[in-house]
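Colleague: structure for this input, please:
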Amino acid sequence: MPEGDTVWQTAHRLHAALAGKVLTRFELRVPRQATADLTGRTVREVVPRGKHILLRAGAYTLHSHLRMEGIWDVHPPGARWPRPAHTARAVLAATGVEAVGFDIAEVRVVPTTAEHELVGHLGPDPLQPDWDAAEAARRVAADRRPVHVALLDQRNLAGLGNEYANEVLFVRGILPTTPATAVDVVGLVDTAARMLRANRDRVLRTFTGDGRRGRTRWVYSREHQPCLRCGTPIRAGRLGADPTRERSVFWCPTCQR
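Modeller: Residues are numbered from 1 along each chain as shown. As a prediction, the model looks like this:
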């Protein structure tokens, strides 16, 4: 599942492949952006912001979001694509390299000066140089909703997805339904940031420190399985800002009180 660490890795892979190169092909297979063309422009950089990817070329930015199943694949020209062509939403090429975005969302080109219209609403990002832990804690602490919902709100803290929210709450011993106003948000935000940073450079994401199959997660997608810490069966439910945005939650009724 693409979350902040996956987005960071993807952006840095794109940057390594394209930065400083002139685009020889630029094709967006999205109706509203089909006429956008950055061919001939030099890629300046590719940077992540929360779950968003910003590819800056010339005076413009190509914005994309991985959503649930999106990927950017980087390969030599002529290489076989890993997914069907009809799922490609963006095709970019430069000397010696091709980058294809499959099942990506929110694809659009805007002047770089207008990036704030796309990502300006995001809260502090633990993987950015301007990370502000105090501001992130302030925003989460002011959210009266269940803490699981507060953590998923990108306006509070950018980069966390459902897998991280569940795992962070287990490590902190907090039930997902607890109001965010009633928890140690400073410790919670610190744990979330350290988890993201630890996984940023890993090939295989793990929350337990154990990379073995079935041992990388404490609670996420482990309903009815024994807690790795105490043996109690993991429980599951649904939470969301409203009924249309409910997400799966998992917790240990013994370790999380």
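Colleague: please enumerate the helices of the protein.
Modeller: 4-18, 116-119, 133-141, 147-152, 162-172, 185-200 (DSSP state H).
Colleague: which stretch among the ones you listed comes nearest Arg215?
Modeller: Nearest to Arg215 among the helices of the chain is helix 162-172 (12.9 Å), distances taken as CB to CB. In short, each C-beta sits where N, CA and C put it, glycine included.
Colleague: nearest to Cys227 among the helices of the chain would be which one?
Modeller: With distances scored as CB to CB, the stretch of those nearest to Cys227 is helix 162-172 (8.6 Å).
Colleague: was I right to think Arg56 contacts Val43?
Modeller: Yes. Here Arg56 reaches Val43: they are 7.2 Å apart, a contact under CB atoms under 8 Å.
Colleague: span of stretch 216-234 from start to end?
Modeller: Using CA to CA, to the nearest Å, the end-to-end distance of stretch 216-234 comes out at 15 Å.
Colleague: swap in stretch 104-124?
Modeller: One end of stretch 104-124 sits 23 Å from the other (CA to CA).
Colleague: please identify the buried residues of that stretch?
Modeller: Residues of stretch 104-124 classed as buried: Ile104, Glu106, Val107, Val109, Val110, Glu115, Leu118, Val119, Leu122, Gly123, Pro124 (neighbour count, 16 or more other CB atoms under 10 Å).
Colleague: can you redo these as JSON lines with pLDDT and distance to Tyr60?
Modeller: Converted to JSON lines, those look like this (pLDDT from 0 to 100; distance: CB to CB, whole Å):
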{"residue": "Ile104", "pLDDT": "97", "distance to Tyr60": "17"}
{"residue": "Glu106", "pLDDT": "96", "distance to Tyr60": "16"}
{"residue": "Val107", "pLDDT": "97", "distance to Tyr60": "13"}
{"residue": "Val109", "pLDDT": "98", "distance to Tyr60": "6"}
{"residue": "Val110", "pLDDT": "97", "distance to Tyr60": "7"}
{"residue": "Glu115", "pLDDT": "97", "distance to Tyr60": "10"}
{"residue": "Leu118", "pLDDT": "96", "distance to Tyr60": "13"}
{"residue": "Val119", "pLDDT": "96", "distance to Tyr60": "15"}
{"residue": "Leu122", "pLDDT": "97", "distance to Tyr60": "20"}
{"residue": "Gly123", "pLDDT": "98", "distance to Tyr60": "26"}
{"residue": "Pro124", "pLDDT": "98", "distance to Tyr60": "26"}
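Colleague: these: which two are farthest apart?
Modeller: Val109 and Pro124 (26.4 Å).
Colleague: which residues touch the residue nearest to Glu135 when sequence neighbours are not counted?
Modeller: Residue nearest to Glu135 in three dimensions, not counting chain neighbours: Pro124, with 5.2 Å by CB to CB, 6 or more residues apart in numbering. By CB atoms under 8 Å, 6 or more residues apart in numbering, the residues touching Pro124 are Asp130, Trp131, Asp132, Ala133, Glu135, Ala136, Arg139, Leu157, Ala158.
Colleague: for those residues, which single residue is the most surrounded?
Modeller: Leu157 (31 neighbours; other CB atoms under 10 Å).
Colleague: quick one: that residue from Pro126, how far?
Modeller: 8 Å (CB to CB, to the nearest Å).
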